[in-house]
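Student: 3D model of this:
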Amino acid sequence: MKLNKFHWLSAIVIFSIVSGFVVHLLISSDAKPNLPLYSIKDNTHQVEKPSEINDQQVVALTMKLAELQSQVLRLNALGDRLAEQANIPENEFNFEALPPSGGPMIQSQGSEKRSLVELLADISKVELALSFEEKQLEMLESITLGHHIENMSYLSGRPIKKGWLSSYFGTRKDPFNGQPAMHKGIDFAGKEDADIITTASGVVTWAAKRYGYGNLIEINHGKGIKTRYGHNKKILVKVGDVVSKGQVIAKMGSTGRSTGPHVHYEILRNNTQIDPIKYVYRKAK
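Tutor: Modelled structure (predicted):
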């Protein structure tokens, strides 16, 4: 009997403690009496959920930012190449520096927070604009490079850096037998081992000995135009090489049918020799 009374007393004490704790929750300033107790649990989940969404937002925006940075780096590199080709001074056109700007500060009216969808939409617009600008720069580079190639393939100038014109195109007295003979090129004399240079860009189609020419180099410049450089002491290029205008391709010598150090220079149009003199004095583009 005493044992049963003890059980009842224990139950009453426990009930009082629990009841007091609940009452404390209800009258506490931190409690929300207008909400049922089950809603506190739900509200806790609502607080934790946005932090998970924020993490996803950070990841998405970081990835987009990295893509835009990559595009900007490509545009900077492409712009630098174009500026270099156009000979624009670095201090006048620097892709890595922001352009100068200024003016009075006016508070923006649209300072309200924007949603993730709106931010991603704006980023996508910037991405499309960068992609369009990149394509325009690539097209401009292609046009510029095409003009550069055309200028470099423009035939002009002398095939030497130092020396003098020693024989013209046409009929002359042969230096070996004294008889009239057709000279199908012009000769530039100079010192042995002097540089022989190309008068236009092209592809080497011959780089070896040939009867009468000694060590000969022949270059195809396209559109039916070729040049020949004969009597070289040493050939510095090989067949298939792409050479640029003004490149050193050989050293002056006296190989083949020659009386002294010089280069025999020919221009062929559709495999027929023509007088090179007008191209020698032609102004470069």
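Student: helices and strands around the longest strand along the chain, which ones?
Tutor: The residue-count maximum for a strand in the chain (DSSP state E) belongs to strand 225-235. Here strand 225-235 is seen to pack against strand 202-210, strand 214-222, strand 248-252, strand 262-269 when contacts are counted using 3 or more Cβ pairs under 8 Å, 6 or more residues apart in numbering; DSSP states H and E. (C-beta placed from N, C-alpha, C; glycine too.)
Student: Quick check: buried residues in the helix or strand hosting Lys278?
Tutor: With the criterion set as DSSP states H and E, the secondary-structure element containing Lys278 is helix 277-280. Taking 16 or more other Cβ atoms under 10 Å as the basis for neighbour counts, the residues of helix 277-280 that come out buried are 279-280.
Student: what's it in contact with?
Tutor: The set of residues that contact helix 277-280 without belonging to it, under Cβ atoms under 8 Å, 6 or more residues apart in numbering, is 155-158, 165, 168-169, 186, 199, 267.
Student: quick one on the thing from earlier: tabulate the helices and strands packed on strand 225-235 (JSON lines), appending distance to Leu119, mean pLDDT and mean neighbour count.
Tutor: Formatted as JSON lines, those follow (distance: least, Cβ to Cβ, whole Å; pLDDT from 0 to 100; neighbours: other Cβ atoms under 10 Å):
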{"stretch": "strand 202-210", "distance to Leu119": "54", "mean pLDDT": "94", "mean neighbour count": "16"}
{"stretch": "strand 214-222", "distance to Leu119": "53", "mean pLDDT": "94", "mean neighbour count": "21"}
{"stretch": "strand 248-252", "distance to Leu119": "58", "mean pLDDT": "97", "mean neighbour count": "20"}
{"stretch": "strand 262-269", "distance to Leu119": "64", "mean pLDDT": "96", "mean neighbour count": "22"}
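Student: Distance to Gln69 added to those strands, as CSV?
Tutor: Rendered in CSV, the data for these read as follows (distance: least, Cβ to Cβ, whole Å):
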stretch, distance to Gln69
strand 202-210, 41
strand 214-222, 41
strand 248-252, 43
strand 262-269, 52
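Student: still on that earlier bit, what mean pLDDT would you report for the helix holding Lys278?
Tutor: Across helix 277-280, pLDDT averages out at 94.
Student: follow-up on the earlier one: give me the PyMOL select line for the contacts of helix 277-280, limited to the buried ones.
Tutor: Listed next is the PyMOL selection for buried residues among these, using 16+ other Cβ under 10 Å:
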select buried, resi 155+156+157+158+169+186+199+267
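Student: and of the contacts of helix 277-280, the nearest to His231?
Tutor: Comparing these against His231 with Cβ to Cβ places Ile186 closest, at 12.6 Å.
Student: hang on, the closest one packs against Phe169?
Tutor: Yes - if you go by Cβ atoms under 8 Å, Ile186 and Phe169 touch, sitting 5.3 Å apart.
Student: between these two, what contacts are shared?
Tutor: The contact sets of Ile186 and Phe169 overlap at 275-277 (Cβ under 8 Å, 6+ apart).
Student: could you dump the residues you listed to a markdown table with distance to Lys191?
Tutor: Rendered in a markdown table, the data for the shared contacts of Ile186 and Phe169 read as follows (distance: Cβ to Cβ, whole Å):
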| residue | distance to Lys191 |
| --- | --- |
| Asp275 | 26 |
| Pro276 | 22 |
| Ile277 | 23 |
